[in-house]
Every structure is written in C-alpha cells, then in structure tokens.
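Student: what would the 3D arrangement of this be:
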Amino acid sequence: MQEINLEQMVQKLEEQLGDKLITTRDQFFTVLNIDKMALPTLMLKLRDDYGFNHLANLSSVDYGEEFEVVYHLYSIPANDKVCVKTRIPRISAEVDSLIDIWPTADWQEREVYDLMGIKFKGHPNLIRVLLPDDFVGHPLRKDFVMGGR
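Tutor: Residues are numbered from 1 along each chain as shown. So this is what the prediction gives:
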C-alpha cells in the first residue's frame with residue numbers, strides 16, 4: 001500500500017483508467033464516477049494500492065432511464081474517504097458484486113437488490129433481505145406500483 005494523499009491518488013487513477021473515470025468533489029467527498037465495466041478494477045486499486053479497507057455504505061438512486069450505485073469507502077488508518085458512483089441502464093440493471101473485495105457488501109447488495117431490483121453478478125446469495133420472498137416488485141423504484149397496477 002502506498003502512502004499517498006487523495007490528490008495524488010486521483011491523478012494516478014485518472015492516468016490509469018483514462019476516460020472510464022471522472023472525478024468530482026462535493027462538500028464531503030472526493031467522488032469517483034466510474035464506468036461499470038471498470039468498477040472492479042477501481043475498487044481493487046482503492047483497497048490494495050490506497051488502503052481503502054472499509055465499505056461503509058452501498059446504496060442506489062433511480063434516475064428513470066438508469067440507476068446509480070453509490071459506494072462510500074474509508075481508509076481507516078489514513079482517515080480518508082471517497083465516494084464511488086457508477087451508472088447502469090434500467091433495462092439491464094446489473095453490476096459486479098464486490099463481496100470478494102469487501103465482505104460488508106453482502107447484506108448491502110442484498111438490500112439494494114431487494115428494494116431496487118439491481119442484480120449483483122457473482123453474489124453468492126442474492127435473495128431478498130427485508131421483504132417477503134413472495135413480494136412482487138422493488139418498492140424503491142420510481143415506477144413501482146403496489147399490487148402491480
């Protein structure tokens with residue numbers, strides 16, 4: 001693991017990932033917007049090369065034609081944090097599971113699947129975690145209608 005500040009890390013990642021990575025900053029986080037195909041590569045680099053050892057939160061947003069999956073990562077030893085976002089089309093709502101990188105992704109991916117219907121490829125037990133097994137639909141989607149009407 002390299003000893004590096006966030007600015008240097010972002011510069012190196014932009015050089016390595018090219019146009020697959022767009023970096024922005026908000027009030028609280030350095031935000032790394034990544035193409036979904038490059039997501040596993042970025043996440044491994046963040047963990048192995050830059051010490052982001054904790055996936056604190058995984059959530060999603062419904063933007064109509066596409067979803068955004070949002071990951072909040074922390075480097076506890078360095079006291080750093082980043083936000084990683086990836087967009088996926090609604091018609092193929094699927095992204096790679098990160099459970100092999102961060103075991104804490106397990107229940108969080110299941111929750112996003114349960115409530116938004118996003119599938120996590122490679123997840124070993126992608127089943128509902130909050131709603132009954134026979135529940136129809138995904139209630140946090142903007143197009144969800146209770147009772148299927």
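Student: which residues in this structure form strands?
Tutor: Applying DSSP state E to the chain gives strands spanning 21-25, 30-34, 54-62, 66-75, 80-89, 94-96, 119-121.
Student: out of the ones you listed, flag the one nearest residue 47.
Tutor: strand 66-75 (8.2 Å; C-beta to C-beta). No exception for glycine: its C-beta is placed from N, CA and C like everyone else's.
Student: that closest one to strand 80-89, inter-axis angle?
Tutor: 160 degrees (axes from the mean of the first three to the mean of the last three C-alpha atoms, to 10 degrees).
Student: what sits against the closest residue to residue 10 other than its chain neighbours?
Tutor: Nearest residue to residue 10 in three dimensions, chain neighbours excluded: residue 23, at 5.2 Å (C-beta to C-beta, 6 or more residues apart in numbering). Applying C-beta atoms under 8 Å, 6 or more residues apart in numbering to residue 23 gives the contacts 10, 13, 14, 30, 31, 32, 33.
Student: please tell me how far residue 23 sits from residue 143.
Tutor: Separation of residue 23 from residue 143 (C-beta to C-beta, to the nearest Å): 31 Å.
Student: re earlier: could the strands of the chain be laid out in a markdown table, adding distance to residue 41?
Tutor: Below are the strands of the chain laid out as a markdown table (distance: least, C-beta to C-beta, whole Å):
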| stretch | distance to residue 41 |
| --- | --- |
| strand 21-25 | 10 |
| strand 30-34 | 9 |
| strand 54-62 | 16 |
| strand 66-75 | 14 |
| strand 80-89 | 12 |
| strand 94-96 | 10 |
| strand 119-121 | 15 |
